[in-house]
Structures are given as structure tokens and as C-alpha cells.
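Colleague: fold the following and give me the result.
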Amino acid sequence: FPAEKRTEKKLLLPEPCRCQTRLVSYLRGRGIDGEIVDFCLRTGRVYESGRYHNAVFVGRDREGKARYAAIRGIMTDFIGDASGSDKNYSFSIPAEGKSQEVHLFESAIDLLSYATLLKMDGQNWREEHLLSLAGVYQPAKEIRQSKVPMALSRFLKEQPEVQRIVFHLDNDRAGRLAAEAIRLVLPEKYCSENEPPARGKDCNDCLCIRLGIGIIERKKQRGNQNKVSSERSSVR
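Modeller: Reported below is the predicted structural model:
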């Protein structure tokens, strides 16, 4: 019998907004550096959706084709993925040149927060690979039977020079367990380090604490916190 053809998912991205003002205000309000925001806008890694004014974080393949999109509320606490998203291609910022190191995060906002922290410390935030895992990783019940996350597995195949993997997952039980499980099932050829955020629950908390952006300010910046599920149905 002929080999079964793999059907490629069709990603349905929300229509972009003509003006990205709310998105920029949202990202800057969460402490993300202006240069990093501009880079993501310019390269099509993030944009503001037109109908619901959500933040859309786009993951692309090596040819630059959009393959994944995480949708996060700007004025709400909505969280979802665009229909047809392929989690093999989660949000990332590859290094400008060759790099032997990749840094892992649960979410796009944590990745951008870490890049901002690097810049604040006078480091080159494009020197090493930055990769998000498209949300919280769920290990198998028997931890040794867990699998390497799809996004990381695909990235390592495409970046064979990588030798070191650094984990910056959340400072909670789920994040610690995820880091433990992934490190346990990684091929032996990789060196791994566990470097959770120094302060707060995640990298964005760590950044906001350092910048003096308090919980109240962050809640105000997030808006009324009402969930809106209609964006999810609109992209299916």
C-alpha cells in the first residue's frame, strides 16, 4: 500500500487590526522593551487582532510561513490557540547566528520578558535561541514515559549545533515537574540546566518586580478581566 500522506493543518489567523496601539501599550505595560516589541512587529511574530483586539503571537517555520498562533486577551483574560495551530512551531526568536544554546519558556510573554531582562543587563538578546513551549507541558503519569515536547523536538532537529538547553519554566508545581520530566527524557548528548525565574511565578513576574510594576498596576493594565470566548470560535 502507498504511504499515507500527512495532511498539513490550515492555520486560520485572525484578521489584523490596522493600528497596533493597544498591543504595544499592553506589551510595554508588562515591561517588554520597546526595541523587542518593534522587532516582533516588524518580523510578524506578534500583532493585534482587528475584531477583538487580542494579542496574536505567531510561530513560523524555517521558510517564514505562519504555522502556529497563540491568542491572548489584551483587555480580557482570554487564552486560546488559533484553529489549525501546529504546536511543532510555537513562538520563538532564533539566534541571529549559530548558537549552541536554546532557552525554554512556557509562554511567549515569558520569552519576551527574558529577552528584556537580558537587554537590561547589557547582554545581546539575539545571541542565543529563545523558544516557547506553547503552554504548560503535561508529563506522563509515569514520568519516565514522558516525551520531549513537539516544539523542542522539531527545533533540535533543525538546529543540530545546539548542545545546551536551559529551562526557565514557571516557579510552581507544574513548571517544576515539567522541567524535571523533560530533562529526564532528553537524549544524553544534551546538557541541560534548570534556571527558574529568580523572583515571582514566571519570567514576566520577575521582570515586573524588577521594574517596579506592581500587581495592581498589572491588573489595571489588563483591563476588566472578563473572559471573552468568541475569539476562539471566530478562528475555528
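
Colleague: check the spacing between C203 and P187 real quick.
Modeller: 26 Å (C-beta to C-beta, to the nearest Å). Where C-beta positions appear, they are placed from N, C-alpha and C, glycine not excepted.

Colleague: more neighbours: which of those two?
Modeller: A count of neighbours by other C-beta atoms under 10 Å puts C203 above the other of C203 and P187, at 30 against 8.

Colleague: the more buried one touches D110, doesn't it?
Modeller: Yes - C203 is within contact range of D110, at 4.0 Å (criterion: C-beta atoms under 8 Å).

Colleague: which parts of stretch 168-182 are buried?
Modeller: H168, L169, D170, N171, G175, L177, A178, A179, A181, I182 (16 or more other C-beta atoms under 10 Å).

Colleague: residue contacts, the closest residue to Q159 other than its chain neighbours?
Modeller: In this structure, Q159 finds its nearest non-sequential neighbour in H129, 6.5 Å apart by C-beta to C-beta, 6 or more residues apart in numbering. H129 is in contact with S92, I93, P94, A95, S99, E101, V102, H103, F155, Q159, V162, counting by C-beta atoms under 8 Å, 6 or more residues apart in numbering.

Colleague: phi, psi of H129?
Modeller: phi -70, psi 140 (degrees, to the nearest 10).

Colleague: and for the one 5 residues further on?
Modeller: As for A134, its main-chain torsions (degrees, to the nearest 10) stand at phi 60, psi 40.

Colleague: next one, pLDDT for it please.
Modeller: pLDDT for A134: 84.

Colleague: distance of it from E127?
Modeller: 23 Å.

Colleague: just want to know which of these two has more residues nearby.
Modeller: Here A134 and E127 are compared on neighbour count by other C-beta under 10 Å; more neighbours surround A134, at 24 against 13.

Colleague: list the contacts for the more buried one?
Modeller: G59, Y68, A70, D81, S85, K87, S90, F91, A151.

Colleague: which residue is the nearest non-sequential neighbour of it?
Modeller: Using C-beta to C-beta, 6+ apart, the nearest residue to A134 is S90, at 3.9 Å.
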